[in-house]
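Undergrad: how would this look folded up:
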Amino acid sequence: MNDIDMANKKTSRVSKPVTPPPAAPAAGVSIAQTLYKTVATVGLTIALMALARFCHPVARGVNWVASTRAWESLYPVFAAESGEQRERMIMIGIIVACFLTAVLLVEGTLYAVRRMRR
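TA: Predicted coordinates:
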């Protein structure tokens, strides 16, 4: 036999296939649950923003917050010099407050449901 045949014989040995280690179990959060939480959070955020716009007691509360010294002290920090820029800043504040409230409501509801099931 020549050298090439000997090299092929050595490399042609059948080896066992390497199996990957088993995957770690998921942390208990499924894609469907994440999707439900996302839809609930976005829906609640939109509902809360509509409430802030169309419910007069809530709208008065938003106006009260926007007229406090703490809120007005933010205008120079974010360089909101014109009325339009200040209105945008108020809208951003409403959106952030509604989003954080929605996240707390969704997480609180899920916590309560999990606790009741135990």
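Undergrad: mind listing what R88 touches?
TA: A80 (CB atoms under 8 Å, 6 or more residues apart in numbering). Bear in mind the C-beta positions are built from the backbone N, C-alpha and C, glycine included.
Undergrad: any idea how far it is from A112?
TA: 36 Å (CB to CB, to the nearest Å).
Undergrad: swap in M89?
TA: In terms of CB to CB, M89 sits 34 Å off from A112.
Undergrad: equivalent analysis for T19, please.
TA: 43 Å.
Undergrad: which one of these two has more residues nearby?
TA: A112 (10 against 6; other CB atoms under 10 Å).
Undergrad: just the element for the more buried one, please.
TA: helix 83-117 (DSSP states H and E).
Undergrad: what residues of that helix count as buried?
TA: Going by neighbour count (16 or more other CB atoms under 10 Å), the buried part of helix 83-117 is R86, M89, I90, I94, A97, C98, F99, A102, V106.
Undergrad: likewise stretch 67-85?
TA: A80.
Undergrad: span of that stretch from start to end?
TA: 15 Å (CA to CA, to the nearest Å).
Undergrad: likewise for stretch 68-84?
TA: 18 Å.
Undergrad: for stretch 108-118, C-alpha coordinates in PDB please.
TA: Written as PDB, here are the backbone C-alpha positions of stretch 108-118 (Å, rounded to 0.1, in the frame of the first residue of the first chain):
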ATOM      1  CA  GLY A 108     -49.400  43.200  39.600                       C
ATOM      2  CA  THR A 109     -52.200  41.300  37.900                       C
ATOM      3  CA  LEU A 110     -49.900  38.400  36.900                       C
ATOM      4  CA  TYR A 111     -48.500  38.300  40.400                       C
ATOM      5  CA  ALA A 112     -52.000  38.100  41.900                       C
ATOM      6  CA  VAL A 113     -53.000  35.400  39.500                       C
ATOM      7  CA  ARG A 114     -49.900  33.300  40.200                       C
ATOM      8  CA  ARG A 115     -50.500  33.700  43.900                       C
ATOM      9  CA  MET A 116     -54.200  32.700  43.700                       C
ATOM     10  CA  ARG A 117     -53.200  29.500  41.800                       C
ATOM     11  CA  ARG A 118     -50.900  28.400  44.500                       C
END
